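**Q** Below is the sequence, then the predicted model.
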Amino acid sequence: MKITSVRYFETNKGIGYQCQTNIKGVEVWNDGMGGDTYIDGNNLEYKLLSDYSESDLENLIDQYELKNYKSHLLTTY
C-alpha cells in the first residue's frame, strides 16, 4: 500500500489528516483529536490491510511527504 495524497485539516485539538491510497476505497485517517492513525475502508482489501500498525501507517505518510515535499522545501529555503 502507498499513500497517493494527503489532505490536512485543523481541529480544536490539533491537525488531522485524510490520506488516499493506491487501493480503491482504502484511506488512512487521523481525526486530529488525539487518537490513533488508522485505516478506513469497506472492501475486501481493507480486511487484508488491518495488520498495519499505527507506526506502519505513519511511516507510509512520511515516505509520501518526503518524496512530494522535499523538492518544495529545497526551493523555498
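**A** In hand now; what should we look at? In this text, all values refer to a predicted model and were calculated from it rather than measured experimentally.
**Q** For Tyr52, which non-adjacent residue is closest in space?
**A** Nearest residue to Tyr52 in three dimensions, chain neighbours excluded: Ile39, at 6.1 Å (Cβ to Cβ, 6 or more residues apart in numbering). Placement of C-beta: from N, CA and C, glycine included.
**Q** which residues does the one you found bridge with?
**A** With DSSP bridges as the criterion, Ile39 is bridged to Val28.
**Q** Tell me the buried residues in stretch 7-26?
**A** 16-17, 19-21, 23, 26 (16 or more other Cβ atoms under 10 Å).
**Q** Inside strands: which ones of those residues?
**A** Residues of the buried residues of stretch 7-26 located in strands (DSSP state E): 16-17, 19-21, 26.
**Q** Can you tell me, leaving aside adjacent residues, what's nearest to the residue sitting nearest the centre point of the chain?
**A** In the chain, the residue lying closest to the centroid (Cα atoms, centre = their mean) is Cys19, at 4.0 Å. The shortest distance from Cys19 to any residue other than its chain neighbours is 4.0 Å, reached at Val28 (Cβ to Cβ, 6+ apart).
**Q** again, but for Glu65
**A** Val6 (7.2 Å).
**Q** pretty sure that neighbour is in a strand, no?
**A** Yes - counting by DSSP: H, G, I helix; E, B strand; the rest coil, Val6 is part of a strand.
**Q** who touches it in this structure?
**A** Counting by Cβ atoms under 8 Å, 6 or more residues apart in numbering, Val6 makes contact with 17-20, 61, 64-65.
**Q** Now with 7 Å, please.
**A** Residues counted as contacts of Val6 (Cβ atoms under 7 Å, 6 or more residues apart in numbering) are 17, 19, 61, 64.
**Q** Now render these as CSV, adding pLDDT and distance to Gly34.
**A** Formatted as CSV, these follow (pLDDT from 0 to 100; distance: Cβ to Cβ, whole Å):
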residue, pLDDT, distance to Gly34
Tyr17, 94, 14
Cys19, 96, 18
Ile61, 94, 17
Tyr64, 94, 23
